[in-house]
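> coordinates only, sequence not included:
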Ligand SMILES: Nc1ncnc2c1ncn2[C@@H]1O[C@H](COP(=O)(O)OP(=O)(O)OP(=O)(O)O)[C@@H](O)[C@H]1O
Ligand SMILES: [Mg+2]
């Protein structure tokens, strides 16, 4: 069966290195976005609706057409993230194509395989046309499933040697190149064809 495949971006870098800014630019033209927004940043971006309850999330989940939402959850973050991922999978699979942004995965996943609905999203979402931007400062502490399924790796300056070694091993990007990155500078590998591109964010 022919499907319109989505992509899974694994985005890594230290605090203030450029991950969120890069993702903002990369998704600027997207019409339908579900964002997991633990730091309440995406909810302030023009065009995004701030969602704070499961009830609101369920209502948006069923809505077709253009919409950008930022889920700013309280309480048990792991449980809320699982719920968010279930809603995103439904919205992307049964309603209409979707971009999903997941900020700081080390807080809601573990270094083993991806938990629950996040695991389903990263294993099955791409085939359903869902594009995922998975962001973390600490990929050696976030789940292996996202890294294993990534179609793209976007690396900014990293502060942890463990992350540099781990992600270099998973890609064709040398440790020495990652270690030389300065803030806002990135290296991007398309894992489907092995192409590597480089750039620096400008505002
Ligand atoms: N629109 C903008 N104009 C100017 N500077 C910006 C803009 N957006 C981000 N920056 C700057 O770019 C740098 C990177 O910010 P960004 O939010 O992308 O970091 P990050 O990697 O997501 O960090 P964290 O892990 O803490 O979320 C920061 O110094 C920030 O102040
Ligand atoms: Mg950020």
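Yes, it's here. Please read all numbers here as calculations on a predicted model, not as lab measurements. Numbers count the residues shown, from 1 in each chain. Ligands and ions are numbered 1, 2, ... in the order given.

> all helices of the protein, in order?
Using DSSP state H, the helices assigned to the chain run over residues 19-26, 54-61, 77-90, 116-124, 144-149, 161-170, 175-179.

> out of the ones you listed, which comes closest to ligand 2?
Evaluated over those, closeness to ligand 2 peaks at helix 19-26, with 3.1 Å, by Cβ to the ion. For glycine as for every other residue, the C-beta is placed from the backbone atoms N, C-alpha and C.

> now check that closest one, is it near ligand 1?
Yes - applying Cβ under 6 Å from any ligand atom, one finds that helix 19-26 is in contact with ligand 1 at 19, 20, 21.

> and ligand 2, which of the residues you listed contact it?
Contacts with ligand 2 within those, counted by Cβ under 5 Å from the ion: 19, 20.

> Sketch out the low-pLDDT regions of this protein for me.
1-3 (pLDDT under 70).

> need the strands for it, in chain order.
8-12, 32-36, 49-51, 67-71, 98-102, 130-136, 152-155, 185-190, 196-200 (DSSP state E).

> Nearest approach to ligand 2 belongs to which of those strands?
Smallest distance to ligand 2 across these (Cβ to the ion): 6.6 Å, for strand 130-136.

> May I see the strands of the chain organised as a markdown table, with distance to residue 123 added?
Converted to a markdown table, these look like this (distance: least, Cβ to Cβ, whole Å):
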| stretch | distance to residue 123 |
| --- | --- |
| strand 8-12 | 10 |
| strand 32-36 | 17 |
| strand 49-51 | 25 |
| strand 67-71 | 21 |
| strand 98-102 | 13 |
| strand 130-136 | 11 |
| strand 152-155 | 17 |
| strand 185-190 | 20 |
| strand 196-200 | 26 |
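
> circling back to that earlier point, how about the helices of the chain in TSV, adding distance to residue 132?
Formatted as TSV, these follow (distance: least, Cβ to Cβ, whole Å):
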stretch	distance to residue 132
helix 19-26	11
helix 54-61	16
helix 77-90	9
helix 116-124	6
helix 144-149	8
helix 161-170	17
helix 175-179	22
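
> Please identify which of these is closest to residue 107.
Distance to residue 107, taken as Cβ to Cβ, is lowest for helix 77-90 among the helices of the chain, at 6.2 Å.
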